[in-house]
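> sequence and computational prediction follow.
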Amino acid sequence: MIDIKKKLEEEGEVRKFGGVPPEGFVLVHEKTLEDLKDFYVWKMWKNNETSINKLNISNFDNKK
């Protein structure tokens, strides 16, 4: 059984991006794109130290 309340607490607003884009595309928060312009953040993403999903979650959390 899927606990929807738990899913919403864990994934929050980021969940609304799941499964929406066409195959091969990723939807991201506008702030996430701005963050990737920063060389340090881009380098962390490039070296798999962070992910687009983690950046999205942090940007949605900061929005509140």
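Done, it's in.

> packing partners for the helix or strand where T32 lies?
Counting by DSSP states H and E, the element that carries T32 is helix 30-36. On a contact count with 3 or more CB pairs under 8 Å, 6 or more residues apart in numbering; DSSP states H and E, helix 30-36 meets helix 39-46, helix 52-63. To be clear about C-beta, it is placed using only N, CA and C from the backbone, and glycine gets the same treatment.

> how about those, which one is nearest L27?
In terms of CB to CB, the element of these nearest to L27 is helix 52-63, at 8.8 Å.

> related to what we said a few turns ago, can you give me the buried ones in the helix holding T32?
Within helix 30-36, the residues that qualify as buried are T32, D35, L36, counting by 16 or more other CB atoms under 10 Å.

> kindly report the same for stretch 37-46.
Applying 16+ other CB under 10 Å to stretch 37-46 flags V41, M44, W45 as buried.

> low-confidence ranges in this protein?
8, 11-23, 62-64 (pLDDT under 70).

> from the buried residues of stretch 37-46, which is closest to G24?
The closest of those, once distances to G24 are taken by CB to CB, is W45, at 18.1 Å.

> excluding its backbone neighbours, what's nearest the closest one?
L36 (6.5 Å; CB to CB, 6 or more residues apart in numbering).

> ok, the one you found - contacts?
W42, W45, L55 (CB atoms under 8 Å, 6 or more residues apart in numbering).
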